[in-house]
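Chemist: Here is my input; please provide its structure:
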Amino acid sequence: MLFGAAALTLLGVTAAGCGSPPPPEVDELLAQLNRARADSQLATDAAGQAKGAVGQALTAVAAERAAHAEALSDEL
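Modeler: Next comes the predicted model:
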């Protein structure tokens with residue numbers, strides 16, 4: 001019985017230590033948002049000058065960074 005109680009206590013302490021990390025600071029999220037928007041714009045501008053596979057890759061990067069910016073904006 002004592003062993004079972006000790007095991008449950010240890011399990012509770014271990015589970016408490018494995019919680020989710022604290023949310024990022026708002027300033028950090030704003031910096032990430034600004035960077036994502038800038039990256040998206042740079043990739044869009046570069047894609048307009050590039051041809052073929054490079055242009056397609058830059059267009060994909062621009063779309064991903066725009067989606068990241070939107071997700072960060074929603075989170076804020």
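
Chemist: So residue 45: helix, strand or coil?
Modeler: Reducing the assignment at residue 45 to three states with DSSP: H, G, I helix; E, B strand; the rest coil gives helix.

Chemist: I'd say residue 65 and residue 36 touch.
Modeler: Yes: in this structure, residue 65 is within contact of residue 36 by Cβ atoms under 8 Å, at 5.0 Å. Quick note: C-beta positions are derived from backbone N, CA and C, even for glycine.

Chemist: Name the nearest residue to the residue nearest the centre of the chain, sequence neighbours excluded.
Modeler: Compute the mean C-alpha point of the chain, and by Cα atoms, centre = their mean the closest residue is residue 68, 7.4 Å away. Sequence neighbours aside, residue 36 is the residue nearest to residue 68 in space, at 4.5 Å (criterion: Cβ to Cβ, 6 or more residues apart in numbering).

Chemist: Number of residues surrounding that neighbour?
Modeler: Residue 36: 20 surrounding residues under other Cβ atoms under 10 Å.

Chemist: Figure out the helix or strand that it lives in.
Modeler: helix 26-49 (DSSP states H and E).

Chemist: thinking in terms of the whole chain, how far from its middle is that helix?
Modeler: 14 Å (Cα atoms, centre = their mean, to the nearest Å).

Chemist: related to what we said a few turns ago, shouldn't the residue nearest to residue 68 be in contact with residue 73?
Modeler: No: at 9.1 Å, residue 36 does not count as touching residue 73 under the criterion of Cβ under 8 Å.

Chemist: which stretches of the chain aren't confidently modelled?
Modeler: 1-19, 22, 24 (pLDDT under 70).

Chemist: how near is residue 55 to residue 25?
Modeler: Applying Cβ to Cβ, to the nearest Å, the value for residue 55 to residue 25 is 37 Å.
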